[in-house]
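*Asks:* structure, please.
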Amino acid sequence: MQNGILLSFIGLYLLGTLAIGWWASKRVKTTADFVVAGKRLPLFMASCAIFATWFGSETVMGASSEFTQHGLLGVIEDPFGASLCLFLAGMFIARPLYNLNLFTFNDFFRLRFNKAAEITSAIFMVPSYFSWIAAQLVALAVVLQAVCGLDREWGVLICSVMVLIYTYIGGMWSVAITDFVQTIAIVIGLVVLAADLVFQVGGFEKMVDAAPEGFFRFLPEAKPPDIISWVAAWMTIGLGSIPQQDVFQRVMAAKSERTAVMACHTSGVMYLTIAFLPLMICFCGRILYPELLEGDTQMMIPTMVLHHSGIGMQILFFGALLSAILSTCSGAILAPATVLGENLIRPLFKSLTDQQLLRIMRMSVVGVTVVTGTMAMMRNNIYELVGESSALSLVSLFTPLIAGLYWRRASAAGAMTSMIAGMLVWLVSLYLLPEEPAEDASIWMHIPPMLYGFAAGISGMIIGSTLYPKREVEMVTDVKP
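*Replies:* Below you'll find the model as predicted:
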């Protein structure tokens with residue numbers, strides 16, 4: 001009976017999300033409406049949209065699991081690195097790029113360098129989203145399986161179709177408006193659940209007393225491998241997600257340059273504070289229900305809510321969880337679909353009307369959803385899926401973006417060399433280096449492949465720009481933070 005009530009509310013919530021997407025679709029008249037919501041989002045809506053970029057399965061289920069097992073040092077990448085990314089985007093990216101009226105980061109690569117740089121960056125960017133989107137679809141299916149016993153394959157299919165519909169029809173308008181509503185649901189659900197569990201534990205003082213020694217350590221031990229891993233954790237999302245299309249698209253949807261900058265900083269504060277709620281909830285669960293540590297810790301919070309709380313709390317929590325995952329998933333699908341349409345398909349045609357380009361982008365949404373839905377049916381580990389997509393943009397796209405904005409001598413040859421060298425060195429390092437090197441192994445074995453790729457990207461930019469200094473286009477070279 002109780003599961004039936006919960007399932008009914010979940011069904012109503014999903015139908016409500018589709019209704020919002022249909023309503024938002026009435027605002028979509030042009031490609032700009034579909035991609036950046038016509039650049040009309042006010043501060044709070046823009047902040048909610050940017051905040052929702054990553055606040056999904058990785059935060060609620062993945063990061064909370066890492067926190068439970070490894071303490072504060074286990075979550076440097078998320079939420080700390082993710083919050084850092086939003087602050088840095090506001091400081092260095094939003095202002096110089098906002099007034100260029102770009103649809104994608106790759107458009108900037110074309111304007112600053114050349115078409116080859118645009119196409120290469122787009123080819124590298126699009127696949128980086130597939131594992132990330134698949135992780136969100138897996139999480140949605142896992143939630144439905146936990147609540148009503150629905151087979152994971154059916155859960156993935158249902159969730160894929162639902163997210164596809166409201167992203168297809170409404171684009172960024174749909175994403176932004178649903179993010180606004182879903183952020184409210186996230187905050188209410190997580191705050192109520194966290195307060196209830198802290199009360200059950202007996203307050204914050206008892207929580208701290210129950211923590212293992214070193215659980216709340218923030219700085220690593222003074223050992224080179226630990227320091228390297230700590231720095232890499234900050235960089236993975238903190239720097240690597242700066243040149244990501246989902247962040248860029250949401251920032252560019254703000255109604256003004258000032259709003260875009262303020263939205264980045266506001267969302268950074270929101271992420272850093274709200275993302276700690278699932279960590280706190282999972283830590284309380286560790287104290288109250290230690291037997292849950294023996295199972296899949298990714299499912300610790302959903303299992304705890306299902307078996308140890310009333311129907312009201314279940315409705316609040318699962319509404320918040322679905323909100324978090326849906327908001328991340330929809331924006332993540334729209335991002336590579338936009339790049340596919342704008343930077344890879346559009347150049348194949350001599351001339352396209354705005355309405356033809358809009359149809360291409362919508363069909364790209366369908367294509368991305370089909371590919372990632374198929375991946376989600378074949379894979380199951382959320383944290384593993386997210387990890388596969390986290391480093392690609394850091395090694396290939398971060399350096400040419402920042403150099404293009406802030407280094408006058410950056411050239412098209414430097415950008416191409418940076419992207420290709422960073423990607424190749426990263427892939428070779430992934431193949432050659434062990435996942436878990438022995439403690440007595442050389443320090444070079446402890447350096448993550450991502451850092452080798454990052455260093456190669458910087459070297460490629462410097463060498464390529466020095467040997468071939470000609471810049472194809474003279475623009476956006478004198479911006480200052």
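*Asks:* can you give the domain ranges for this protein?
*Replies:* Domain assignment of the chain by automatic domain parsing yields the ranges 2-384, 391-481.
*Asks:* CSV for those, including mean pLDDT and mean neighbour count?
*Replies:* Glycine gets a C-beta too; all of them are placed from N, C-alpha and C. Formatted as CSV, the entries for the domains of the chain read as follows, by pLDDT from 0 to 100; neighbours: other CB atoms under 10 Å:
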stretch, mean pLDDT, mean neighbour count
domain 2-384, 87, 20
domain 391-481, 86, 18
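*Asks:* and the residue positioned nearest the centre of the chain, helix, strand or coil?
*Replies:* In the chain, the C-alpha closest to the average C-alpha coordinate belongs to Trp54, at a distance of 3.7 Å (CA atoms, centre = their mean). Taken by DSSP: H, G, I helix; E, B strand; the rest coil, the conformation at Trp54 corresponds to coil.
*Asks:* need phi/psi at it.
*Replies:* Main-chain dihedrals, Trp54, degrees, to the nearest 10: phi -120, psi -10.
*Asks:* for the stretch 201-350 of the chain, what spans make up the helices?
*Replies:* Secondary structure of the stretch 201-350 of the chain (DSSP state H, counting those that start in this stretch): helices at 204-210, 224-238, 245-252, 257-274, 276-288, 300-308, 311-339.
*Asks:* what residues does the first one touch?
*Replies:* So that's helix 204-210. Outside helix 204-210, the residues that touch it by CB atoms under 8 Å, 6 or more residues apart in numbering are Val198, Val201, Phe216, Met280, Phe283, Cys284, Ile287.
*Asks:* and the third one, what does it touch?
*Replies:* Contacts here follow CB under 8 Å, 6+ apart; on that basis Phe216 touches Gly71, Leu72, Val208.
*Asks:* switch to 10 Å and redo it
*Replies:* Gly71, Leu72, Leu73, Val208 (CB atoms under 10 Å, 6 or more residues apart in numbering).
*Asks:* which one of these is nearest to Phe398?
*Replies:* Compare each of those with Phe398 using CB to CB and the shortest gap goes to Leu73, at 24.0 Å.
*Asks:* leaving out chain neighbours, which residue sits closest to the closest one?
*Replies:* Excluding its sequence neighbours, the residue lying closest to Leu73 (CB to CB, 6 or more residues apart in numbering) is Arg217, at 5.9 Å.
*Asks:* out of the contacts of Phe216, give me the two with the largest separation.
*Replies:* Across the contacts of Phe216, the longest distance by CB to CB is 16.5 Å; it joins Leu73 and Val208.
*Asks:* Provide the secondary structure category for Arg409.
*Replies:* coil.
*Asks:* distance of Gln136 from Trp234?
*Replies:* As judged by CB to CB, to the nearest Å, Gln136 and Trp234 stand 23 Å apart.
*Asks:* with Met375 instead?
*Replies:* Computed as CB to CB, the Met375 to Trp234 distance reads 28 Å.
*Asks:* picking that back up, out of the helices of the stretch 201-350 of the chain, flag the one nearest Ala456.
*Replies:* Among the helices of the stretch 201-350 of the chain, the nearest to Ala456 by CB to CB is helix 224-238 (14.5 Å).
*Asks:* which strands or helices does the closest one pack on?
*Replies:* Judged by 3 or more CB pairs under 10 Å, 6 or more residues apart in numbering; DSSP states H and E, the packing partners of helix 224-238 are helix 82-88, helix 382-390, helix 443-446, helix 449-467.
*Asks:* only alpha carbons, please: show the longest one as CSV.
*Replies:* Coordinates of the C-alpha atoms in helix 449-467 are reproduced here as CSV (Å, rounded to 0.1, in the frame of the first residue of the first chain):
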residue,chain,number,x,y,z
PRO,A,449,47.3,9.9,-16.3
MET,A,450,45.2,13.1,-16.3
LEU,A,451,48.2,15.2,-15.1
TYR,A,452,50.5,13.7,-17.8
GLY,A,453,47.9,14.7,-20.4
PHE,A,454,47.4,18.1,-18.9
ALA,A,455,51.2,18.8,-18.9
ALA,A,456,51.4,17.6,-22.5
GLY,A,457,48.6,19.9,-23.5
ILE,A,458,50.4,22.9,-22.0
SER,A,459,53.7,21.9,-23.7
GLY,A,460,51.9,21.4,-27.0
MET,A,461,50.4,24.9,-26.8
ILE,A,462,53.7,26.5,-26.1
ILE,A,463,55.7,24.6,-28.7
GLY,A,464,53.1,24.8,-31.4
SER,A,465,52.5,28.6,-30.9
THR,A,466,56.3,29.2,-30.8
LEU,A,467,57.1,27.3,-34.0
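*Asks:* any idea how far Gly310 is from Met378?
*Replies:* Counting by CB to CB, the gap between Met378 and Gly310 amounts to 37 Å.
*Asks:* so who does Ile184 touch?
*Replies:* When contacts are counted by CB under 10 Å, 6+ apart, Ile184 is found next to Cys48, Ala320, Ser323.
*Asks:* distance from the chain centre to the helix or strand hosting it, please.
*Replies:* Ile184 belongs to helix 152-201 when assigned by DSSP states H and E. Taking CA atoms, centre = their mean, to the nearest Å, one finds the center of helix 152-201 at 14 Å from the center of the full chain.
*Asks:* what angle do it and helix 245-252 make?
*Replies:* Orientation of helix 152-201 against helix 245-252 (axes from the mean of the first three to the mean of the last three CA atoms, to 10 degrees) gives an angle of 70 degrees.
*Asks:* what residues does Leu293 make contact with?
*Replies:* With CB under 10 Å, 6+ apart as the criterion, the residues that contact Leu293 are Thr68, Gln69, Gly285, Arg286, Met300.
*Asks:* circling back to that earlier point, among the helices of the stretch 201-350 of the chain, which comes closest to Leu97?
*Replies:* Of all the helices of the stretch 201-350 of the chain, it is helix 245-252 that lies closest to Leu97, at 7.3 Å by CB to CB.
*Asks:* now Gly457: closest residue in space that isn't a chain neighbour?
*Replies:* Sequence neighbours aside, Gly422 is the residue nearest to Gly457 in space, at 3.1 Å (criterion: CB to CB, 6+ apart).
*Asks:* now do the contacts for that neighbour.
*Replies:* Gly422 sits next to 124, 392-400, 450, 452-461 when contact means CB under 10 Å, 6+ apart.
*Asks:* which SS class is Arg27?
*Replies:* Going by three-state DSSP, the secondary structure assigned to Arg27 is coil.
*Asks:* what residues are up against it?
*Replies:* By CB under 10 Å, 6+ apart, the residues touching Arg27 are Asp33, Phe34, Ala37, Gly38, Arg40, Gly170, Gly171, Met172, Trp173, Ser174, Ala176, Ile177.
*Asks:* tell me if I'm right that the third one and Ser174 touch.
*Replies:* Yes: assessed by CB atoms under 10 Å, Ala37 is found in contact with Ser174 at 9.1 Å.
*Asks:* okay, and the common contacts of those two?
*Replies:* Contact with both Ala37 and Ser174 is made by residues Ala24, Arg27, Val28, according to CB under 10 Å, 6+ apart.
*Asks:* I'd like these as JSON lines, with distance to Ala415 appended.
*Replies:* Below are those laid out as JSON lines (distance: CB to CB, whole Å):
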{"residue": "Ala24", "distance to Ala415": "36"}
{"residue": "Arg27", "distance to Ala415": "36"}
{"residue": "Val28", "distance to Ala415": "33"}
